[in-house]
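Enquirer: Have a look at this prediction, sequence included:
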Amino acid sequence: MSNEFVHSVTVPRIYKFTADIVRRVREDGASLKTLIYERKHPNVAGIYGLSVNTLRALPQLDRLLDKTQILTEQPRLNPWLAKVLITELLWRKGCLKSRSKPVLTVLAYENRLREESKSLDCTETLVVHKAKVQKPRYVRVNTLLLSVEKAICLFQEDGWQLLPKSTTYSSYLQSLSQLSKPHFIQDLHIPEMLVFPPLTPFHGHSGYKSGELILQDKASCLPVHLLDPVSGSVVLDMCAAPGMKATHAAAKLQNYGKVYAVEIDAKRFETLLSQMKKTHSLCVEPLNQDALTLDPKKYLHVEYILVDPTCSGSGIVDRPKQSDMDGKPESKRLQNLQSFQVYLLRYALFNFPNAKRIIYSTCSLHPEENEEVIDEVLADIGNAYHLVPVRQLLKNNWTNFSSKKYNCGDTCLYSKPDDDFCNGFFVAVFERNFDVTLPKCKHKGGNEYRNVIRANLNVKKDDMAITDPYEREKCVKKKKKKKKKEEISTTDGQGKISTDIVKFVVSEIENKGKVKTKEAKCSEKEVEKMDVRSNLSNLNHKLALNKSKDIQKRILDEMEAKKSRKQRLKCENALEVEIDNDTLDANYGEKEQNEEIETKLSKIKKRKKKATKEIVKIDKIYFQKKKQQEEIAIVPSKKRKRNEENS
Ligand SMILES: C[S@@+](CC[C@H](N)C(=O)[O-])C[C@H]1O[C@@H](n2cnc3c(N)ncnc32)[C@H](O)[C@@H]1O
């Protein structure tokens, strides 16, 4: 290997892109998938694989960089690019074919890197991962545009050969494990699904571009397959974007009936719209809103519900663990996800009286997001619903089920990449027993939950921070209105208005930010009260000494200005902490759903704007009040002047 650097040779784009992607995932907490797709690089799979491997090996890479001192000795070498190149060299291709300066720099350290890497445990991890199961390429035929028979004929015309149908799951899996070009097979469970050898390219296929073929993993088709809505019925998909299951349901209905597709996130909602359009899913009614705010009275006719909430995505093959990417603990993230999942599932079970079948699914393999969620709602629903054993629904042709150690037993389905050659998924099927009336449920999402909130509202309004966000919003608005009224009625020059408003606004922002403990708030208020008391006694003392109204006015002014400045500062600080906390919470959410985080951040921005307005209001009130005091003070000071002249 020549040591001569060829300066005109640029670094291959795959390495440059991957280095930037890995940096942004790690430093900005950005979503790996979003970053990759926004790049529009032709080698998406290559960038994805290299990014995942680099992210996985980051701790080992840091140790290697440290041991070889490569970054210290080569200060111009970009550290992220170095990490990507080392990953490619040591654990992927085993070589670097470029004459660019960074590549040659890393190659100059190759021997030392290889030597040092022997003492690391990453080689094993990465190799094992690479040797893991390769998923076949699953293609769902969009039966709204093309029949399965026609699709099979078209593929056969293209030179593909259809393997005979398997009769048992084990023989089917056997065929899958040996599937290679030019063979393809029809899925054993989902007739509209055709299966091709791993890595068969389809993104450029005309059928894919026209919406006749949909690239959807088998596991993600199981929920709608098990929901099995009949043509003409009404389906509600509570978490719909990007729309794989909603469009699958539309195909099941053959566009007769209705699919309400609810998506909270504006950006993902756009994707849902374009997916609907591409697939001609005409019976889908998209709703860009929070499914937890759907008014049940308007959806009395819903018969089938899909609950496919945001989850950790731990079942997705080749997806790096979130904690590998941001270093944050998994348990906290799972806890947050679980409470949202339970909330949403309960909402589905308790608020749609004509729902006969409800599917709960996740692409997670964590029991915290699966069996534990099911067990939590089972405790509430009594006999109004029962879990349908998926084993029965799939006619005994399945092997992985939920764990018997939970109350749900083995009634729910798991798909596991290593056994089922598809992504890891969990599916539970609830069926309504209409002979039993729905019990009253006061837990989050239950049919009596809103009443509980209302009751709480009357008793303890400040508790809203920990209950329903929408009711809380209402409560805050009400409080503000009330305060505004008080403000108007007390604008009589008593000098109390601005202090009260400032206190109110600050306490509102503190409540919103949830940044301080109750104790801290109380002690702060106490200190504040003491401050006011001591200031007043000082003032009285000074007034006793100087009977002059001018001095009184000046002192009051100074106090007011000081207080306003202090409160304003507090207001701003509270706001900053709120933003930090929310960003932190957002980071605990599912990173694959980067758009969700963006929405959250934009909400924070909105709140910041609102709070800034409140700060401006504080200032305005302060200046108004100051002006009023000046006006009041002018009168006695003029009188006094006249008296002085007379005497
Ligand atoms: C796992 S994905 C759904 C995938 C979808 N079912 C499909 O098959 O294409 C979860 C989706 O739920 C959305 N979501 C999260 N919370 C929501 C809520 N409260 N209301 C509606 N949608 C929500 C997320 O933005 C995300 O797009």
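Expert: On my side now, so go ahead. Numbers count the residues shown, from 1 in each chain.
Enquirer: helix or strand for Thr10, which one?
Expert: For Thr10, there is no enclosing helix or strand under DSSP states H and E.
Enquirer: Pull the contacting residues for it.
Expert: Counting by CB atoms under 8 Å, 6 or more residues apart in numbering, Thr10 touches Ser100. C-beta here means a position set from N, CA and C on the backbone, and glycine is covered the same way.
Enquirer: how much space between it and the ligand?
Expert: Separation of Thr10 from the ligand (CB to the nearest ligand atom, to the nearest Å): 38 Å.
Enquirer: same check, this time on Thr167
Expert: To the ligand, Thr167 is 30 Å away according to CB to the nearest ligand atom.
Enquirer: cool, and Leu393?
Expert: Distance of Leu393 to the ligand, given as CB to the nearest ligand atom: 19 Å.
Enquirer: Flag every residue of the protein that's near the ligand.
Expert: With CB under 6 Å from any ligand atom as the criterion, the chain meets the ligand at residues 220, 238-245, 262-265, 268, 290-292, 308-310, 593, 596.
Enquirer: now do 5 Å
Expert: 239, 241-242, 244-245, 262-265, 268, 290-291, 308, 310 (CB under 5 Å from any ligand atom).
Enquirer: Compile those into JSON lines and extend it with columns for neighbour count.
Expert: Below are those laid out as JSON lines (neighbours: other CB atoms under 10 Å):
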{"residue": "Cys239", "neighbour count": "22"}
{"residue": "Ala241", "neighbour count": "26"}
{"residue": "Pro242", "neighbour count": "15"}
{"residue": "Met244", "neighbour count": "23"}
{"residue": "Lys245", "neighbour count": "25"}
{"residue": "Val262", "neighbour count": "24"}
{"residue": "Glu263", "neighbour count": "26"}
{"residue": "Ile264", "neighbour count": "20"}
{"residue": "Asp265", "neighbour count": "22"}
{"residue": "Arg268", "neighbour count": "22"}
{"residue": "Asp290", "neighbour count": "15"}
{"residue": "Ala291", "neighbour count": "21"}
{"residue": "Asp308", "neighbour count": "23"}
{"residue": "Thr310", "neighbour count": "20"}
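Enquirer: among those, which are in helices?
Expert: Judged by DSSP state H, the subset of the residues of the chain next to the ligand located in helices is Met244, Lys245, Arg268.
Enquirer: Just flag the most distant two among the residues of the chain next to the ligand.
Expert: Maximum pairwise distance among the residues of the chain next to the ligand (CB to CB): 20.4 Å, between Met244 and Asp290.
Enquirer: I'd like the distance between the residue of the stretch 101-250 of the chain found nearest the ligand and Tyr48.
Expert: Scanning the stretch 101-250 of the chain for proximity to the ligand using CB to the nearest ligand atom identifies Cys239 as nearest, at 3.0 Å. Using CB to CB, to the nearest Å, Cys239 is found at 24 Å from Tyr48.
Enquirer: same thing with Lys135?
Expert: Counting by CB to CB - Lys135 and Tyr48 are separated by 13 Å.
Enquirer: how does the chain divide into domains?
Expert: For the chain, the TED database gives the domain ranges 13-122, 136-215, 218-456.
Enquirer: How about stretch 266-274, which residues are buried there?
Expert: Arg268, Phe269, Glu270, Thr271, Leu272, Leu273 (16 or more other CB atoms under 10 Å).
Enquirer: Output stretch 260-268 as CSV, restricted to C-alpha atoms.
Expert: The C-alpha coordinates for stretch 260-268 follow below in CSV (Å, rounded to 0.1, in the frame of the first residue of the first chain):
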residue,chain,number,x,y,z
TYR,A,260,-61.2,5.8,9.9
ALA,A,261,-57.4,6.3,9.9
VAL,A,262,-56.3,8.4,12.9
GLU,A,263,-52.8,9.8,13.0
ILE,A,264,-51.7,12.4,15.5
ASP,A,265,-48.5,13.5,13.8
ALA,A,266,-48.8,16.0,10.9
LYS,A,267,-45.8,14.9,9.0
ARG,A,268,-46.7,11.2,9.2
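Enquirer: List the contacts of that stretch.
Expert: 234-243, 246, 269, 272, 276, 284-291, 294, 299, 302, 593, 595-596, 598-599.
Enquirer: Mind doing that once more with 7 Å?
Expert: By CB atoms under 7 Å, 6 or more residues apart in numbering, the residues outside stretch 260-268 that reach it are 236-238, 240-243, 246, 269, 272, 284-291, 294, 595-596, 598-599.
Enquirer: same deal with stretch 196-203?
Expert: In contact with stretch 196-203 (CB under 7 Å, 6+ apart) are residues Gln134, Lys135, Pro136, Arg137, Val139, Leu179, Ser180, Lys181, Phe184, Tyr208, Leu213, Leu215.
Enquirer: Try it again at 10 Å.
Expert: For stretch 196-203, the surrounding residues in contact (CB atoms under 10 Å, 6 or more residues apart in numbering) are 42, 44-45, 133-139, 155, 160, 176, 178-185, 208-209, 213-215, 421.
Enquirer: Could you tell me which of the residues you listed belong to helices?
Expert: Val44, Ala45, Phe155, Leu176, Tyr208, Lys209.
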